[in-house]
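S.K.: Fold the following and give me the result.
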Amino acid sequence: MKALNKVIGINLGLLLAYSIVIRIIAKSGDTGVPYHHASGDILGMSFFIILIHVIALFLTSVVLYVAGKVQLANSFLLTTFLTLMVGFGVCLGNSSI
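M.R.: Okay, here's the model as predicted:
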């Protein structure tokens, strides 16, 4: 259970950190061009970064299953689904603000 809390905490912290960085980058690059909104940039960047994060977590869980570390692999698999669910909300929430 301790490993699960640690894995979830680290990955949700990473999700928060790069969501803030993406928001800052997209808002600072506002061009002032009519009909160009930073929300599309935020949505696209968030989508690809969250997708890479989720794929990395899933591949890590598969490697850990093969290595025989089932409890840690289960922690990473649960974190994969949690990151996917929270990341979806973060992605849409950031683009609408």
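S.K.: phi, psi of residue 68?
M.R.: Main-chain dihedrals, residue 68, degrees, to the nearest 10: phi 90, psi 10.
S.K.: Burial check on it, number of neighbours?
M.R.: Residue 68 has 8 neighbours, counted by other Cβ atoms under 10 Å. C-beta here means a position set from N, CA and C on the backbone, and glycine is covered the same way.
S.K.: any idea how far it lies from residue 57?
M.R.: Residue 68 is 19 Å from residue 57, where distance means Cβ to Cβ, to the nearest Å.
S.K.: same deal with residue 46?
M.R.: 16 Å.
S.K.: So those two - more neighbours on which side?
M.R.: Neighbour totals were compared for residue 46 and residue 57, and residue 46 leads with 24 against 21 (other Cβ under 10 Å).
S.K.: need the helices for the protein, in chain order.
M.R.: 2-28, 38-67, 70-96 (DSSP state H).
S.K.: could I get those helices as JSON lines with mean pLDDT?
M.R.: Below are these laid out as JSON lines (pLDDT from 0 to 100):
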{"stretch": "helix 2-28", "mean pLDDT": "82"}
{"stretch": "helix 38-67", "mean pLDDT": "85"}
{"stretch": "helix 70-96", "mean pLDDT": "84"}
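S.K.: Could you tell me which residues make contact with residue 62?
M.R.: Neighbouring residues of residue 62 by Cβ atoms under 8 Å, 6 or more residues apart in numbering: residue 73.
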